[in-house]
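# prediction below, plus the sequence it came from.
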Amino acid sequence: MTMADKKEEEELELPPEILKLMNNKNYFGQMNDPTSSAYLQGPCGDYMEFYLVIEQQKIIDLKYYTEGCSATRACGAM
């Protein structure tokens, strides 16, 4: 996390629950071979990628990835 990111988080005064989600690396990252994936880009230019691994009609793994701002990371984490 850069100093600009930390300053942005402080300015947003995010609840601790959201900060915890944003900093949880369990679901953050990219997948090489997902069952399904999606990409979207917001009007601000931030983008998000979502990845799912589905077996027997159940999601068994998921990840999201973004290089966006704190708000975008919080949305992905949620």
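Cool, got the structure.
# residues in contact with the closest residue to Tyr39 other than its chain neighbours?
Once flanking residues are discounted, Tyr39 sits nearest to Glu49: 5.2 Å by C-beta to C-beta, 6 or more residues apart in numbering. Where C-beta positions appear, they are placed from N, C-alpha and C, glycine not excepted. By C-beta atoms under 8 Å, 6 or more residues apart in numbering, the contact list for Glu49 reads Gln30, Ser37, Ala38, Tyr39, Tyr64, Tyr65, Thr66.
# what's the helix or strand for Glu49?
Assessed by DSSP states H and E, Glu49 sits inside strand 47-55.
# next secondary structure after that strand?
Toward the C-terminal end, the helix or strand that comes next after strand 47-55 (DSSP H and E) is strand 58-65.
# run the chain-centre distance for that next one.
Remark: strand 58-65 is offset 11 Å from the chain centroid, using C-alpha atoms, centre = their mean, to the nearest Å.
# surely Gly76 is in a helix?
Yes - under DSSP: H, G, I helix; E, B strand; the rest coil, Gly76 falls within a helix.
# give me the number of residues near Glu17?
Counted with other C-beta atoms under 10 Å, residues neighbouring Glu17 total 10.
# how near is it to Tyr27?
15 Å (C-beta to C-beta, to the nearest Å).
# ok, now Glu67?
16 Å.
# so if I had to pick from these two, which one is more boxed in?
Between Glu67 and Tyr27, counting by other C-beta under 10 Å, Tyr27 is the more crowded of the two (15 against 10).
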